[in-house]
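>>> Structure, please.
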Amino acid sequence: MSNQILKRPKGKKIISIGVGDEFSFETFFLKNGFEVLGIDGSVENPLNTERNFLFRQRFVGGEFRTNSKSKQDSLFVTYEDVVRDSGWEFEVDLVKIDAEGHEYEILESSIANISKAT
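Take a look at the predicted model:
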């Protein structure tokens, strides 16, 4: 990792989409003074003892049905939902996406939504 990243002041924020059962990425940044928001619908909070690790058990993808009331559909959110709900709209320094083949879908949807807003 770049020394420039490590020297960032405490309080910087990272969103990690797709934590899974291997979380060395998140642990590395937590140990270096970052706050990390982990999102993964397939696991429970793997780092529940870490003070600066926030966790949401959700699946992230592109566009989802918003009119469905089923419990399963409530587990699905967009990247925009994640950022808005975290309150970190203008504070995210790094986003890691490991979403089982949905990375491009998430990025394309996010870019499209940013384009609509500007």
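
>>> Please make it C-alpha for all contacts and neighbour counts, starting now.
Will do.

>>> For this structure, which segments count as strands?
Here the chain has its strands, by DSSP state E, at 13-17, 35-39, 53-56, 59-61, 76-78, 92-97.

>>> So Glu100 versus Phe34, what's the distance?
If you measure Glu100 against Phe34 using Cα to Cα, to the nearest Å, the figure is 25 Å.

>>> neighbour-wise, which of those two wins?
Using other Cα atoms under 10 Å as the criterion, Glu100 and Phe34 rank with Phe34 on top: 22 against 7.

>>> nearest residue to that one other than its sequence neighbours?
Spatially, and ignoring its direct neighbours in sequence, Phe34 is nearest to Lys12 (5.1 Å; Cα to Cα, 6 or more residues apart in numbering).

>>> tally of neighbours for the one you found?
Residues lying near Lys12 (other Cα under 10 Å) number 17.

>>> change the start of the numbering to 176 and stick with it
Noted, 176 is the first residue going forward, which turns the last one into Lys187.

>>> so Val267 sits right up against Glu210, yeah?
No - look at Val267 against Glu210 with Cα atoms under 8 Å: they stay out of range, at 9.7 Å.

>>> Next, show the common contact partners of those two.
When Cα atoms under 8 Å, 6 or more residues apart in numbering defines a contact, the residues bordering Val267 and Glu210 alike are Lys187, Lys188, Ile189.

>>> picking up where we left off before, tell me which of Val267 and Glu210 has more neighbours.
More crowded of Val267 and Glu210, by other Cα under 10 Å: Glu210, with 22 against 16.

>>> hey, what's that one bridged with?
Lys188 (DSSP bridges).

>>> is it true that it touches Phe203?
No - assessed by Cα under 8 Å, Glu210 is found out of contact with Phe203, at 11.1 Å.

>>> Look up the closest residue to Gln252, ignoring the ones flanking it.
Actually, residue 252 is Val. It isn't Gln. Counting by Cα to Cα, 6+ apart, the residue nearest Val252 is Val235, at 5.0 Å.

>>> gap between the one you found and Val270?
Distance from Val235 to Val270, by Cα to Cα: 13 Å.

>>> possible to save the shared contacts of Val267 and Glu210 as JSON lines with distance to Tyr279?
As requested, the shared contacts of Val267 and Glu210 are arranged in JSON lines below (distance: Cα to Cα, whole Å):
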{"residue": "Lys187", "distance to Tyr279": "25"}
{"residue": "Lys188", "distance to Tyr279": "22"}
{"residue": "Ile189", "distance to Tyr279": "19"}
